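Visitor: just a sequence and a predicted model for now, questions to come.
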Amino acid sequence: MGYQRLGRVDPRELRGMEAGGAYVSTVLPNAGRDGNPLWRVRLPMPPIADGYDDLPLPEMPAPAGQQGLGLWDRYMAGGRLATVQQVVAAAAPADPSHIEVLE
């Protein structure tokens, strides 16, 4: 018995995807054998004029009786993101010329 390992998605295809593009992996039964087709889809994008601030987000009720991780309150709420960005900027090197940019 042998096997052959093939890449399902070429990295060049991922880099060339347009906004809203995605690969969806599914499991479908086919005459007693399960198949695993990979579908390339394009999801509709919401209309965004000047950024995501224009996009209304639904209210997310907290699950009853559960605390949660509190990540939104820790990093995003009440100007916390600006504080985190200031801390990161203060810790960044003054001369970024030695930082390698990967493309």
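Guide: It's in. Numbers count the residues shown, from 1 in each chain.
Visitor: where does this structure have low pLDDT?
Guide: Judged by pLDDT under 70, the chain has its weakly predicted residues at 1-7, 47-52, 54-55, 96-103.
Visitor: please tell me I have it right and Thr26 contacts Val41.
Guide: No: with contact defined as CB atoms under 8 Å, Thr26 and Val41 do not form a contacting pair (10.8 Å). In short, each C-beta sits where N, CA and C put it, glycine included.
Visitor: in the sheet, who's paired with the residue nearest the centre of the chain?
Guide: Centre of the chain computed as the mean C-alpha position; nearest residue by CA atoms, centre = their mean is Ala22, 10.9 Å away. Following DSSP bridges, Ala22 is listed with bridge partners Val41.
Visitor: which residues touch it?
Guide: The neighbours of Ala22, taking CB atoms under 8 Å, 6 or more residues apart in numbering as the test, are 40-43.
Visitor: next, count neighbours for the closest residue to Arg8 other than its chain neighbours.
Guide: Once its chain neighbours are removed from consideration, Arg8 has its nearest residue in Leu38; the separation is 5.4 Å (CB to CB, 6 or more residues apart in numbering). Here the number of neighbours of Leu38 (other CB atoms under 10 Å) works out to 10.
Visitor: ok, now Tyr23?
Guide: Look at Tyr23: counted by other CB under 10 Å, it has 13 neighbours.
Visitor: I'd like the numbering to begin with 710 instead of 1 from here.
Guide: Fine by me, first position is 710 from now on; the one you just mentioned is Tyr732.
Visitor: what about the strands in the chain?
Guide: When secondary structure is read from DSSP state E, the chain shows strands at 730-734, 737-739, 742-744, 747-751.
Visitor: could I get these in TSV, plus columns for distance to Ala800?
Guide: Conversion of the strands of the chain to TSV gives the following (distance: least, CB to CB, whole Å):
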stretch	distance to Ala800
strand 730-734	35
strand 737-739	49
strand 742-744	49
strand 747-751	39
